[in-house]
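show me the folded form of this:
(4 chains)
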Protein chains: 2
Amino acid sequence: MALGTDYSGQDCSLAKALEVVGERWSLLLVRDAFLGVTRFTDFRRRLGISKAVLTRRLGSLVEAGVLERRPQGGHDAYVLTPSGEALWPAVHALMRWGDATTSPRGSRRLFRHLPCDADVDVSGRCPVCGATPPAAELETRPGPGAGADPPTNPLSARLREPHRLLAPLRE
Amino acid sequence: MALGTDYSGQDCSLAKALEVVGERWSLLLVRDAFLGVTRFTDFRRRLGISKAVLTRRLGSLVEAGVLERRPQGGHDAYVLTPSGEALWPAVHALMRWGDATTSPRGSRRLFRHLPCDADVDVSGRCPVCGATPPAAELETRPGPGAGADPPTNPLSARLREPHRLLAPLRE
DNA sequence: CGTCTTGGTCTGTTCAACAGACCAATCGGA
DNA sequence: TCCGATTGGTCTGTTGAACAGACCAAGACG
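Predicted coordinates for the structure are as follows:
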């Protein structure tokens, strides 16, 4: 493990989790993977991260079993594994906390439970069926707290349109 | 904001959250605050973090409104604000993901909803009342995945005993 | 066949984390 | 009351990670 990411000696599951997804950029990469981003260049376009660091982060997430690198017609696609998809409750909880502390007009992004056609609540639960749905059953769209600026590139524009989580934006 | 913590240009609540609690050590400090740690030296003893960095982290968490610094009989106590307590679902979700990916024998730490006398489930919900309880209503104790090594210091020993979250370990 | 895009690697610089020295104020015990 | 330990820091020199940007090989595309 890279230095600076090691919380050794901590018998704590939070420390173990942060060793994997606690580095700068890691959780934003996972977020974009939930939104359907799969390609090196698209991650880079979205985040403005340096290429060397992006290479390392994607590699360490693959090594940790969060992402899988899958050859796909000339280029590679990075997609979430089941373990990566299990990060959804944590990602959702952090987004909602960010909303609560920085977005007075409400959530920047909403998530609808497709089978029930209802938005999940702040704890991620569907008010109709009472379950806490996995990401694959959710559709996302901008919420009342979303910024009004026009998207800066076609990729971000596509990510603003309502779409199902985990559905790749490109083939 | 310090360089290296800035995700500017991201109209995303996750990025906003990570600007506050995404730096190295920040979320572990919040975790220990939930467990009842309040004092500079105790945070340091628990984490092995350098003093200069601990000073900066505590300061930035206070500035962000996550912690409050409260004079208390000769020394100061750092305690969670309501905004900081609202991080509980995110901290809990990350702990459970860490359990799931690194702890084959189950959770390292369990949380019991005191009014209902039942352990919360993996999504943080109480199986009896159906609510997602705030941290103040929870008691924690070691779970089946906890390490068997004897605690290395009295502080960690006290944190292993069953106790209510947010209850300060010292006056 | 030349150009563009993709998906990287490599280099030099900057900045944060680290270990450890140092220090002032306070507390506790003899 | 005095002395040593503890607390809660600051400061310094070193190391390592992130950064911008140059460079490059392979394939797509016209």
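
for the residue most central in space within chain A, which non-adjacent residue is closest in space?
The centre of chain A sits closest to A:Arg31, judged by Cα atoms, centre = their mean, with a distance of 1.2 Å. Excluding its sequence neighbours, the residue lying closest to A:Arg31 (Cβ to Cβ, 6 or more residues apart in numbering or on different chains) is B:Leu14, at 5.2 Å. In short, each C-beta sits where N, CA and C put it, glycine included.

for the residue nearest to the centre of chain A, helix, strand, or coil?
helix (DSSP: H, G, I helix; E, B strand; the rest coil).

what's the answer for A:Ala90, then?
Strictly by three-state DSSP, A:Ala90 counts as helix.

around DNA strand D, which positions in chain A sit nearby?
A:2-4, A:23-25, A:48-53, A:56, A:73-74 (Cβ under 7 Å from any atom of the strand).

check those for burial and list the buried ones.
If you count burial by 16 or more other Cβ atoms under 10 Å in any protein chain shown, the buried members of the residues of chain A next to DNA strand D come out as A:23-25, A:49.

pLDDT below threshold where in chain A?
Along chain A, the model assigns pLDDT under 70 to residues A:1-5, A:8-9.

now do A:Leu80 against A:Ala64, distance only.
A:Leu80 is 12 Å from A:Ala64, where distance means Cβ to Cβ, to the nearest Å.

on that earlier part again, quick check, nearest of the residues of chain A next to DNA strand D to B:Pro142?
A:Glu23 (27.9 Å; Cβ to Cβ).

does that closest one touch A:Arg57 like I think?
Yes - under the criterion of Cβ atoms under 8 Å, A:Glu23 makes contact with A:Arg57 at 6.9 Å.

quick one, phi/psi of A:His75?
phi -120, psi -180 (degrees, to the nearest 10).

just checking, it touches A:Thr38?
No - A:His75 lies out of contact with A:Thr38 (Cβ under 8 Å); the separation is 9.3 Å.

more neighbours, the two?
Per other Cβ atoms under 10 Å in any protein chain shown, whichever of A:His75 and A:Thr38 has more neighbours is A:Thr38, with 22 against 11.

secondary structure element for the more buried one?
Assigned by DSSP states H and E, A:Thr38 belongs to neither a helix nor a strand.

return the residues in contact with it.
A:72, A:77-79, A:168-170 (Cβ atoms under 8 Å, 6 or more residues apart in numbering or on different chains).

ok, and the most crowded of those?
Comparing the contacts of A:Thr38 by number of neighbours (other Cβ under 10 Å), A:Tyr78 comes first, having 23 neighbours.

tell me what the residue in chain A positioned nearest to DNA strand C is bridged to.
Nearest to DNA strand C in chain A, going by Cβ to the nearest atom of the strand, is A:His75, at a distance of 2.9 Å. In this entry, A:His75 is beta-bridged to A:Gln72, by DSSP bridges.

cool, the one 4 residues further on as well?
Legend: beta-bridge partners of A:Val79 under DSSP bridges are A:Glu68.

that one is in contact with A:Arg70, isn't it?
Yes - because the distance of 6.0 Å satisfies Cβ under 8 Å, A:Val79 is recorded as touching A:Arg70.

what segments of chain A are helices?
Along chain A, the segments classed as helices by DSSP state H run A:13-21, A:26-35, A:40-47, A:51-63, A:82-85, A:88-102, A:154-160.

export those as CSV, with columns for distance to A:Arg141.
Formatted as CSV, these follow (distance: least, Cβ to Cβ, whole Å):
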stretch, distance to A:Arg141
helix A:13-21, 25
helix A:26-35, 11
helix A:40-47, 18
helix A:51-63, 26
helix A:82-85, 20
helix A:88-102, 14
helix A:154-160, 8
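
ok, which of those helices comes nearest B:Arg44?
Here helix A:13-21 is closest among the helices of chain A (Cβ to Cβ), at 15.7 Å.

who does the closest one touch, helix- and strand-wise?
Counting contacts by 3 or more Cβ pairs under 8 Å, 6 or more residues apart in numbering or on different chains; DSSP states H and E, helix A:13-21 packs against helix A:26-35, helix A:51-63, helix B:26-35, helix B:88-102.

please look at A:Gln141 and A:Pro162 and confirm they touch.
Just to correct that, residue A:141 is Arg rather than Gln. Yes - using Cβ under 8 Å, A:Arg141 is in contact with A:Pro162, at 3.9 Å.

of these two, who's got more company?
Legend: neighbour count by other Cβ under 10 Å for A:Arg141 and A:Pro162, higher for A:Arg141 (14 against 10).

and the more buried one, how far from DNA strand D?
29 Å (Cβ to the nearest atom of the strand, to the nearest Å).
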